[in-house]
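Student: Give me a model of this one.
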Amino acid sequence: MNSSAMNGAHILSTGSAVPSICISNEYLSNTISTSDEWISTRTGIKERRLLPKDKSIIDLATEASLSALQKGLIKAENLDLIILATSSQNDLFGSASQLQASLGAKHAVAFDITAACSGFLIGLITASQFIRTGAYKNILVVGADILSRWVNWTDRRTCILFGDAAGAVILQYNQTNDLLNFQLDSNGNDFHQLSIPYTQTQIHKNTVESLYTYPQGGKYNYLTMNGKEVYKFAVSQVPISIEECLKKAELSTDDISWLVLHQANQRILEAVANKLDIPMTKVISNIKYYGNTSAASIPLALDEAFNSGYICNGDIIVIAGFGAGLTWGTTIIKWHAIH
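Tutor: Predicted coordinates:
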């Protein structure tokens with residue numbers, strides 16, 4: 001379909017939520033063999049937030065969603081679709097419908113997207129397609145993860161990196177289109193570089209039935225990550241994705257007002273910016289305070305940028321996500337504040 005004949009997708013509002021429990025590097029150094037200097041030098045992280053055990057991911061996602069709804073002056077009952085990007089749902093069948101119920105969004109369809117740190121980006125692009133084809137007019141996209149419950153807190157290679165958070169965006173039909181273009185990629189051959197593997201135990205039945213294997217049960221293991229390989233993947237592939245997306249939008253790196261990357265590691269942010277010759281003054285970073293919040297990291301950073309007044313009418317915002325799968329991608333937004 002010719003894009004000129006399609007509807008526009010506009011970012012109406014943003015919202016975010018972070019838990020009250022704050023775990024500093026100093027605190028971690030009392031429980032595992034590490035130090036504030038070791039962590040901050042290698043990652044840029046100083047602290048992270050953890051969701052209390054009596055709270056669920058739905059509580060966190062609801063708080064972020066209500067913030068976006070309030071700022072957008074829109075009622076939950078006016079939502080047509082809810083997309084929840086998460087890889088730490090509290091039900092293996094998905095949690096988006098629970099978020100729909102929590103918000104009272106009785107007219108909204110709801111589904112999950114599981115793509116880890118790329119989840120929100122993929123959710124945002126998916127939502128924009130529903131709007132641009134005219135299927136829906138008001139869509140809530142939420143990125144939420146509580147990976148603190150999936151890391152081994154005795155493994156300093158992973159536990160220092162992750163925190164819990166949720167971020168939300170309301171995408172709405174408008175004659176003016178904010179999302180100029182996108183680029184998405186996947187490489188399943190390297191999925192094992194960052195994963196939460198499932199281990200299944202099996203039993204064999206009698207002689208005839210021994211031809212078949214019956215699952216008896218199993219469990220998901222702790223999050224595992226090959227840090228060096230993930231770093232190399234991000235630093236090599238993300239700049240390519242951004243450049244390809246800019247080319248399709250007939251833009252250059254000089255046109256970028258703000259670069260919003262998935263907040264995985266400060267060194268990755270700096271390396272990607274350096275490859276693209278983008279000054280760090282244009283790179284939005286909050287990893288120092290939250291760590292890697294997976295699908296929540298981009299909408300959390302966006303919400304803080306909007307709240308701080310950094311983003312102005314006409315700004316070109318390049319958003320890039322990358323992570324487990326392996327998956328990565330880019331979208332370009334031209335912010336339109338006046339309609």
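
Student: quick one: Trp335 and Ile317 touch, right?
Tutor: Yes - under the criterion of Cβ atoms under 8 Å, Trp335 is in contact with Ile317, at a separation of 6.1 Å. The way it works is simple: take the backbone N, C-alpha and C, and place the C-beta from them, glycine included.

Student: neighbour-wise, which of those two wins?
Tutor: For the pair Trp335 and Ile317, the greater number of neighbours falls to Ile317 (23 against 17), based on other Cβ atoms under 10 Å.

Student: Does the more buried one touch Trp258 like I think?
Tutor: Yes - using Cβ under 8 Å, Ile317 makes contact with Trp258 at a distance of 4.8 Å.

Student: Now do the shared contacts for Trp335 and Ile317.
Tutor: Between them, Trp335 and Ile317 share the neighbouring residues Ile311, with contact defined by Cβ atoms under 8 Å, 6 or more residues apart in numbering.

Student: who's in contact with the residue most central in space within the chain?
Tutor: Centroid-nearest residue in the chain: Ala295, 2.0 Å away (criterion: Cα atoms, centre = their mean). With contact set as Cβ under 8 Å, 6+ apart, Ala295 has these partners: 85-87, 115-120, 123, 143-145.

Student: Widest-spaced pair of the residues you listed?
Tutor: Looking at the contacts of Ala295 by Cβ to Cβ, the two members farthest from one another are Ser118 and Ala144, with 14.2 Å of separation.

Student: which one of those two has more residues nearby?
Tutor: Between Ser118 and Ala144, Ala144 has the larger neighbour count (other Cβ under 10 Å), namely 37 against 29.

Student: Check what pLDDT that one gets.
Tutor: You'll see Ala144 listed with a pLDDT of 98.

Student: if you skip the residues just before and after it, what's nearest to Trp188?
Tutor: You called it Trp, but residue 188 is Gly. Once its chain neighbours are removed from consideration, Gly188 has its nearest residue in Gly325; the separation is 6.8 Å (Cβ to Cβ, 6 or more residues apart in numbering).

Student: Where do the helices of the stretch 151-300 of the chain begin and end?
Tutor: When secondary structure is read from DSSP state H, counting those that start in this stretch, the stretch 151-300 of the chain shows helices at 227-248, 266-275, 287-290, 297-308.

Student: if we compare these, which one ends up closest to Asn138?
Tutor: Proximity of the helices of the stretch 151-300 of the chain to Asn138 was assessed by Cβ to Cβ; the nearest stretch is helix 297-308, lying at 16.8 Å.

Student: next helix or strand past the closest one?
Tutor: strand 316-323 (DSSP states H and E).

Student: looking at the protein, which helix or strand does the model trust least?
Tutor: Sorted by mean pLDDT, DSSP states H and E, the helices and strands of the chain end with strand 214-220, the least confident at a mean of 71.

Student: Quick one: residues contacting Asp91.
Tutor: Taking Cβ under 8 Å, 6+ apart as the criterion, Asp91 is in contact with Gln98.

Student: what helix or strand is it on?
Tutor: Secondary structure here is read from DSSP H and E; on that basis Asp91 sits in neither a helix nor a strand.

Student: Ile74 too?
Tutor: Per DSSP H and E: nothing holds Ile74, as it lies in no helix or strand.

Student: Give the rounded mean pLDDT of stretch 332-339.
Tutor: Mean predicted confidence for stretch 332-339 is 82.

Student: which residues are contacting it?
Tutor: Applying Cβ under 8 Å, 6+ apart, the set of residues contacting stretch 332-339 from outside is 10-11, 174, 176, 178-182, 245-246, 249, 251, 311-319.

Student: Roughly how far does Ser257 sit from Ala305?
Tutor: With distances taken as Cβ to Cβ, to the nearest Å, Ser257 is found 11 Å from Ala305.

Student: before we move on, what about Ile11?
Tutor: Taking Cβ to Cβ as the measure, Ile11 and Ala305 are separated by 12 Å.

Student: just Phe322 next, same as before
Tutor: When Cβ to Cβ is applied, the distance between Phe322 and Ala305 equals 19 Å.

Student: higher neighbour count, the two?
Tutor: Neighbours of Phe322 and Ala305, each counted by other Cβ under 10 Å, are more numerous for Phe322; the result is 28 against 18.

Student: Not counting residues beside it along the chain, what's closest to that one?
Tutor: Counting by Cβ to Cβ, 6+ apart, the residue nearest Phe322 is Trp328, at 3.8 Å.

Student: On the three-state scheme, that neighbour is what?
Tutor: Reduced to three states with DSSP: H, G, I helix; E, B strand; the rest coil, the structure at Trp328 is strand.

Student: so where's the chain uncertain?
Tutor: Using pLDDT under 70 as the threshold, the predicted model of the chain has low-confidence ranges 1-5, 202-216, 338-339.

Student: Show me how it divides into domains.
Tutor: The chain resolves into domains spanning 3-177, 180-190+224-334 when parsed by automatic domain parsing.

Student: Could you dump these into TSV and include distance to Thr199?
Tutor: Compiled in TSV, the domains of the chain are given as follows (distance: least, Cβ to Cβ, whole Å):
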stretch	distance to Thr199
domain 3-177	14
domain 180-190+224-334	12
